[in-house]
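**Q** coords please:
(one chain, ligands or ions: 1)
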Amino acid sequence: MVFPPLREELRGLEPYGAPQLDVPVQLNTNENPYGPSEACVADIAASVAEAAAGLNRYPDREHVALREGLAAYLSRDTPHGIVAEQVWAANGSNEVMLQLLQAFGGPGRTAVSFAPTYSMYPEYARDTATRWVAGRRADDFTLDLDAALALVESERPSLVLLPSPNNPTGTALEPSVVGALCEALGDGLLVVDEAYGEFRRAGTPSALELLPTHRNLVVTRTMSKAFALAGGRLGYLAADPAICDAIRVVRLPYHLSAVTQAVALAALRHEQELLGQVDALRAERDASVTWLREQGLRVADSDANFVLYGRFADRHAHWQALLEHGVLVREVGPDGWLRVSVGTPAEMAAFRGATTAVLGTPAGALMAEQADQTDPTTDPTQEQA
Ligand SMILES: *Cc1c(COP(=O)(O)O)cnc(C)c1O
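**A** Okay, the predicted model is just below:
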């Protein structure tokens, strides 16, 4: 007998999560470094107080007011507009995606993604007993459409999960790739995870624009990143209304509390303020990419609020040495690479100072790059994010 009687496939597994260390400069979980203003905090608090007076009642199960607010917000990113019936929300986009796997995955069905990518995806599959297949991205972290189409053809997945921009590489998807995958999937769903969508560079369109032409396309978003509301736990999707309707079968009763709905609605009223720092963060991101390249590092192009850079002979040693300088980054992605989230100008100055100091030490050592060597990013065992 083994106690507790955990499912066999879960035994010995570590729960997902970055180290939550008490360090002066925390650049490891892609949070927005800017907190809400006093006015915004006061409005959120007043909204929660109002909700509190009615907490003897269950909340609006269909969270209609919130879906209307989110639809209006999303409508800025597509000339076709979005209506409330196309929107569904839950406690973080992680819950939204788990619900998608619960409703559209399951035993006998397959979900696919392309590594290196977000390491929560295989966990949703595991937790819903969905078969999991991971393809590979190209060496520059873009999606090789021919290889992706071949995998869809051979595996016939019920769902394909693709972040755009991708975590941990920052790579956005071309709309033509999204369209071609939707076509190839037939009745299978393509879930484009736009958790970092608001940070995309000028000229990179949102997959929301393709919703009218592909009824099997699902675009997920979150208030955790650009919206600076990671603690509020609110994620959502836009899709065909029939998809939103189907999810209602698997959601828990009243999954979105009255408090969460009140907080998210108040945050939407302060959209301009909360999103106000996105442009500054994008500029800081572009400057960080340039600076890291000037140090002789390899840096992935980024449409997100983080940058993947390397490659280090011993990335753990480099990560540890930065930590000793009070800077926490993320040890994630293919071997040899690290990911830094974009923080305030002061935090990025601290990151640059620590990096400069560490690069001059043995722990900072870079990998000798040879044009003809096999790129370790193609190692199929490396797919953490
Ligand atoms: C951060 C992140 C999310 C958002 O998660 P929430 O549950 O909404 O906080 C989703 N997808 C990816 C790829 C992320 O990095």
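
**Q** which is the next helix or strand following the helix or strand bottoming out on mean pLDDT in the chain?
**A** When the helices and strands of the chain are scored by mean pLDDT, DSSP states H and E, helix 271-274 comes last with a mean of 92. Heading C-terminal from helix 271-274, the first helix or strand you meet, by DSSP states H and E, is helix 278-294.

**Q** for that following helix, which positions count as buried?
**A** 278, 281-282, 284-285, 288-289, 291-292 (16 or more other CB atoms under 10 Å). (C-beta placed from N, C-alpha, C; glycine too.)

**Q** Report the residue ranges of every domain in this structure.
**A** 20-36+276-375, 38-269 (automatic domain parsing).

**Q** Can you give the distance of the least confident helix or strand of the chain from its chain's centre?
**A** Computed by CA atoms, centre = their mean, to the nearest Å, the chain-centroid distance of helix 271-274 equals 20 Å.

**Q** same deal with stretch 231-242?
**A** Taking mean C-alpha positions (CA atoms, centre = their mean), stretch 231-242 and its chain are 13 Å apart.

**Q** Return it as CSV; C-alpha atoms alone will do.
**A** What follows is stretch 231-242, C-alpha atoms only, in CSV (Å, rounded to 0.1, in the frame of the first residue of the first chain):
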residue,chain,number,x,y,z
GLY,A,231,-3.0,38.3,-8.1
GLY,A,232,-6.6,38.7,-9.2
ARG,A,233,-6.6,35.4,-11.1
LEU,A,234,-8.6,36.2,-14.2
GLY,A,235,-8.1,34.6,-17.6
TYR,A,236,-10.5,34.4,-20.6
LEU,A,237,-11.0,33.3,-24.1
ALA,A,238,-12.6,34.4,-27.3
ALA,A,239,-14.1,31.7,-29.6
ASP,A,240,-17.2,30.6,-31.4
PRO,A,241,-20.2,30.9,-29.0
ALA,A,242,-20.8,27.1,-29.3
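
**Q** Would you mind listing the outside residues contacting it?
**A** 67, 70-71, 74, 82, 85-96, 100, 195, 208, 211, 215-224, 243-244, 260, 263-264, 267 (CB atoms under 8 Å, 6 or more residues apart in numbering).

**Q** ok, so what distance separates the nearest residue to Glu50 once chain neighbours are set aside from the ligand?
**A** Leaving aside its sequence neighbours, Glu50 sits nearest to Ala262 (CB to CB, 6 or more residues apart in numbering; 6.8 Å). Plainly put, Ala262 is 18 Å away from the ligand if you go by CB to the nearest ligand atom, to the nearest Å.

**Q** Repeat that for Asp245.
**A** Counting by CB to the nearest ligand atom, the gap from Asp245 to the ligand is 22 Å.

**Q** Would you confirm that that residue belongs to a strand?
**A** No: assessed with DSSP: H, G, I helix; E, B strand; the rest coil, Asp245 is helix; it does not lie in a strand.

**Q** about what we covered before: possible to save the buried residues of helix 278-294 as a markdown table with distance to the ligand and pLDDT?
**A** A markdown table is the format used below for the buried residues of helix 278-294 (distance: CB to the nearest ligand atom, whole Å; pLDDT from 0 to 100):
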| residue | distance to the ligand | pLDDT |
| --- | --- | --- |
| Val278 | 15 | 95 |
| Leu281 | 15 | 96 |
| Arg282 | 17 | 96 |
| Glu284 | 18 | 97 |
| Arg285 | 15 | 97 |
| Ser288 | 18 | 98 |
| Val289 | 18 | 98 |
| Trp291 | 23 | 98 |
| Leu292 | 20 | 98 |
